[in-house]
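S.K.: output the structure for:
(2 chains, ligands or ions: 3)
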Amino acid sequence: MKFHSPTSFAEAVVLAQNSEGVLRYLAGGTDVLVQMRAGIVTPDELIDLKKIPGVFDITRTAEGGWTIGVGVSGAQLGAHAELCADWPGVVDGMELVGSTQVQGRATLVGNLCNGSPAADSVPGMVAAGATVSITGPEGDRILAIEDIPAGPGRTNLTKGEMITAINLPPRGENGGDCYLRFIPRTEMDIAVVGCAVNLRLDGDTITEARVSLGAVAPTVLLVQDAADAIIGTTLDDEAVANLMAAASAACNPISDKRGTIEFRTDVAGVLAKRAAKFAYARAKGEVIKGTHL
Amino acid sequence: MSKIHVQTIVNRDPVEFLADPRETLLDCLRDHLGLTGSKEGCGTGDCGACSVTVDGTLISSCLMLGVEAGGKSIETIEGMAQGEDLHPLQRKFIEHAAFQCGYCTPGILVAAKNLLEKNPSPTETEVRYWLAGNLCRCTGYDKIIRAVMDAAEEMRGAA
Ligand SMILES: Cc1cc2nc3c(=O)[nH]c(=O)nc-3n(C[C@H](O)[C@H](O)[C@H](O)COP(=O)(O)OP(=O)(O)OC[C@H]3O[C@@H](n4cnc5c(N)ncnc54)[C@H](O)[C@@H]3O)c2cc1C
Ligand code: FES
Ligand code: FES
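M.R.: Ligands and ions are numbered 1, 2, ... in the order given. Predicted coordinates for the structure are as follows:
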């Protein structure tokens, strides 16, 4: 295995473009090293991106959004008070990943690019309307988070391409988000279902919403029907019932030891309801602690 | 396989070693530096027996490559006692009989010390969540939690 630690993305792109065999990028390594150890993926070349200046930065943009570097760990996100205040659902999703020790290393970009349908930080980023900045041999481009996963373990990045940053939009007024997952224990498990809701209010009425589901299809889903069910409503009982039905209808899950198709489909609706209520309360200015401490 | 020369700081001492890029930091600590206090329970991030801190952040050393350690400051269980003087957490683990086989103990001590540096008065729930990635096959956890709470109290008194 060849190990590279480039000091610029331009250098990393040349290395990636000329790489032979299996290539992996090293962010926190909490997926890559486990897969190496288990013999699932044995990279021929490993490119560590953490020597590139700026990859550990969390920066407020001129428009009021956020740029998050590709080396930023869950622990760093959780310690950033302003970011937590703006996007508690996004941060909470990342903080649910693994243990304190895993949090010390694991990144949003790694969680996204590992391509697990159950990746905990991805629904929150999708609901937030986040994007990724990409660089590669053909130049730079920006893609929505939901356009990155191509299927379990696969992304739509082409050879030599890599993500240089995650971009969160400005939170803006009267907005709130939330991510919830169901696991059989309280810690250290893979989501059976995950759901994120992000919405904005005008008075009591929802004017914008995005709903995303994890672990119920080959990729994380952005569910427009579920958002439409609550836009223009005050999240009254009828709107909630329509939201639950739309979330369940979007599911295309598998049965495995963690949950059956029926269970996952049902829980998707329940989590959508709860996440929407928390997001609504946050949009009203209530401070609601995340599900994670 | 070409090895890479790594210079780093372990328990406040500068050290250097030659690492195969596939070796984890845990492999390097144990096999190149002779620091066998950090244990391998799983090798896949699940058990916490290999816990160390890198630049003050708690990590599993089985999930970091040795070649990534260059220029960092690493703290392991071997750096916890000051000579013959045990750290309060180590003393409280003995007092409360918070271990049996002891395999998990170095990792739990390193993790608990890191918690108390960040939060000197954690609640029991906070201690349990912080240590959720440290598995113990023997004690049933209760004595570990009590030892950490007691050590925290003593350290607050001493401060
Ligand atoms: C004990 C344990 C518990 C876990 N629990 C959870 C959990 O509860 N929920 C969950 O979702 N996950 C969990 N995980 C999985 C893992 O921790 C997360 O997916 C993590 O976010 C991965 O991030 P990383 O930085 O470590 O990625 P890495 O392992 O460094 O990389 C992962 C993938 O992303 C690619 N990649 C990295 N950076 C880039 C880039 N800039 N551009 C393009 N591709 C890139 C790599 O090539 C690789 O394929 C757990 C892992 C462990 C070991
Ligand atoms: S050996 Fe590293 S977490 Fe188990
Ligand atoms: S004392 Fe034996 S594993 Fe904890």
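S.K.: near ligand 1, which residues of chain B show up?
M.R.: Proximity of chain B to ligand 1, by CB under 6 Å from any ligand atom, involves residues B:44, B:45, B:46. (C-beta placed from N, C-alpha, C; glycine too.)
S.K.: which helix runs longest in the chain?
M.R.: Since no chain was named, I'll use chain A. Ranked by residue count under DSSP state H, the longest helix found in chain A is helix A:261-283.
S.K.: hm, I was asking about chain B
M.R.: Assignment by DSSP H gives helix B:142-158 as the longest helix of chain B.
S.K.: anything in that one near chain A?
M.R.: No. Residues of helix B:142-158 are not located near chain A by CB under 8 Å from any CB of the partner chain, the shortest gap being 13.3 Å.
S.K.: re earlier: of all the residues in the longest helix of chain A, which ones are buried?
M.R.: Of the residues in helix A:261-283, A:264-276, A:278-280, A:282-283 count as buried by neighbour count, 16 or more other CB atoms under 10 Å in any protein chain shown.
S.K.: on that earlier part again, tabulate the residues of chain B next to ligand 1 (TSV), appending neighbour count, distance to ligand 3 and pLDDT.
M.R.: Formatted as TSV, these follow (neighbours: other CB atoms under 10 Å in any protein chain shown; distance: CB to the nearest ligand atom, whole Å; pLDDT from 0 to 100):
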residue	neighbour count	distance to ligand 3	pLDDT
B:44	17	17	97
B:45	25	17	97
B:46	18	13	96
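S.K.: list the contacts of the longest helix of chain B.
M.R.: B:88-89, B:91-93, B:95-99, B:108, B:112, B:115-116, B:120-122, B:124, B:127-128, B:131, B:136 (CB atoms under 8 Å, 6 or more residues apart in numbering or on different chains).
S.K.: so how far is residue B:87 from residue B:117?
M.R.: For residue B:117, the distance to residue B:87 equals 11 Å [CB to CB, to the nearest Å].
S.K.: quick one, which of those two is more surrounded?
M.R.: A count of neighbours by other CB atoms under 10 Å in any protein chain shown puts residue B:87 above the other of residue B:117 and residue B:87, at 19 against 12.
S.K.: hang on, the more buried one packs against residue B:80?
M.R.: Yes. With contacts counted by CB atoms under 8 Å, residue B:87 reaches residue B:80, the gap being 4.8 Å.
S.K.: circling back to that earlier point, and the longest helix of chain A, what does it pack onto?
M.R.: Judged by 3 or more CB pairs under 8 Å, 6 or more residues apart in numbering or on different chains; DSSP states H and E, helix A:261-283 is in contact with helix A:88-95, strand A:175-182, strand A:193-202, strand A:205-214, helix A:237-250.
S.K.: rerun that using 7 Å as the cut-off
M.R.: strand A:175-182, strand A:193-202, helix A:237-250 (3 or more CB pairs under 7 Å, 6 or more residues apart in numbering or on different chains; DSSP states H and E).
S.K.: may I see the buried residues of the second one?
M.R.: Neighbour-count burial for strand A:193-202 flags A:193, A:194, A:195, A:196, A:197, A:198, A:199, A:200, A:201 (criterion: 16+ other CB under 10 Å).
S.K.: need these in JSON lines (columns: pLDDT and distance to residue A:117).
M.R.: Output for those, formatted as JSON lines (pLDDT from 0 to 100; distance: CB to CB, whole Å):
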{"residue": "A:193", "pLDDT": "96", "distance to residue A:117": "11"}
{"residue": "A:194", "pLDDT": "97", "distance to residue A:117": "9"}
{"residue": "A:195", "pLDDT": "98", "distance to residue A:117": "13"}
{"residue": "A:196", "pLDDT": "98", "distance to residue A:117": "14"}
{"residue": "A:197", "pLDDT": "98", "distance to residue A:117": "19"}
{"residue": "A:198", "pLDDT": "98", "distance to residue A:117": "20"}
{"residue": "A:199", "pLDDT": "98", "distance to residue A:117": "24"}
{"residue": "A:200", "pLDDT": "98", "distance to residue A:117": "28"}
{"residue": "A:201", "pLDDT": "98", "distance to residue A:117": "31"}
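S.K.: where does pLDDT dip in chain B?
M.R.: For chain B, the stretches flagged by pLDDT under 70 are B:1.
S.K.: can you tell me the centre-most residue of it?
M.R.: With distances taken as CA atoms, centre = their mean, residue B:110 lies nearest the centre of chain B, 3.1 Å away.
S.K.: that older thread, can you lay out the buried residues of strand A:193-202 as CSV showing distance to residue B:4?
M.R.: Listed next are the buried residues of strand A:193-202 as CSV, based on distance: CB to CB, whole Å:
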residue, distance to residue B:4
A:193, 43
A:194, 39
A:195, 44
A:196, 41
A:197, 46
A:198, 44
A:199, 49
A:200, 50
A:201, 54
